[in-house]
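> Here's a sequence, model it:
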Amino acid sequence: MPRIVLGVMYFSMKWACCAQEAEVSPSYSTSTKTVLCVDDDQAILSYEKMLLESAGYAVLSAVSGTQALRLVTMCRCDIVLLDYEMPDTSGYDLAREIRRVRPELAIVLMFGTDVPTGALALVDAFMLKLEASHALLPVIEELCARPRLPEEGRGLAG
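Purely as a prediction, here's the structure:
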């Protein structure tokens, strides 16, 4: 049985790599889709976690591009919810790196300002952060329902 220590999930050695970087709810089965939320703003991460878990998703959280890449390469996740503007990297650079290591992952880019067209071409969906409260769950549900192929096309606007 998983145990929670200081708000971080610790579980079998298989998942120990994620324990210091991610917050995972213990109430989900392995068939539940897992969303990796990446944002440098802890308040936004908390909101996304609450929204997604209430809809039945398991949630991993990362506050930097470095943590996100570690989780993408070491843990199972189905979709990445990615902030465009972060202190250590841009959403464009991070999306490009995620595509390189896990091309099958669906990526949703969240932004508060203008985003270069090149960044939008790398992701499966994009939306303004202000629209997330009503648009995020339908977009994630649609992306998770799609069969994923590494070379699959991009571009579902939110």
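
> now the strands for this structure?
Using DSSP state E, the strands of the chain run over 3-5, 8-10, 34-38, 58-62, 79-83, 106-111, 125-128, 156-157.

> Torsion angles phi and psi at Tyr57?
When read as degrees, to the nearest 10, the backbone of Tyr57 gives phi -90, psi 150.

> For Gln42, list the residues it contacts.
With contact taken as Cβ atoms under 8 Å, 6 or more residues apart in numbering, Gln42 is in contact with Val63. Every residue, glycine included, has its C-beta placed from N, CA and C.

> got it, and Asp93?
When contacts are taken as Cβ under 8 Å, 6+ apart, Asp93 is in contact with Gly65.

> I'd like to know how far it sits from Ser54.
Distance, Asp93 to Ser54, using Cβ to Cβ, to the nearest Å: 31 Å.

> Val38 now?
20 Å.

> between these two, which one's more packed in?
Neighbours around Val38 and Ser54, counted as other Cβ atoms under 10 Å, are more numerous at Val38. The numbers are 29 against 9.

> got the strands of the chain as JSON lines, with mean pLDDT columns?
Putting these into JSON lines (pLDDT from 0 to 100) gives the following:
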{"stretch": "strand 3-5", "mean pLDDT": "28"}
{"stretch": "strand 8-10", "mean pLDDT": "29"}
{"stretch": "strand 34-38", "mean pLDDT": "96"}
{"stretch": "strand 58-62", "mean pLDDT": "96"}
{"stretch": "strand 79-83", "mean pLDDT": "94"}
{"stretch": "strand 106-111", "mean pLDDT": "91"}
{"stretch": "strand 125-128", "mean pLDDT": "87"}
{"stretch": "strand 156-157", "mean pLDDT": "46"}
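
> can you put the ones you listed in CSV and add distance to Leu136?
As requested, the strands of the chain are arranged in CSV below (distance: least, Cβ to Cβ, whole Å):
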stretch, distance to Leu136
strand 3-5, 25
strand 8-10, 23
strand 34-38, 10
strand 58-62, 12
strand 79-83, 8
strand 106-111, 8
strand 125-128, 7
strand 156-157, 12
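
> so which of those strands comes closest to Glu48?
The minimum distance between Glu48 and the strands of the chain falls on strand 34-38, with 4.5 Å, by Cβ to Cβ.

> And that closest one, what does it pack against?
On a contact count with 3 or more Cβ pairs under 8 Å, 6 or more residues apart in numbering; DSSP states H and E, strand 34-38 meets helix 42-54, strand 58-62, helix 65-74, strand 79-83.
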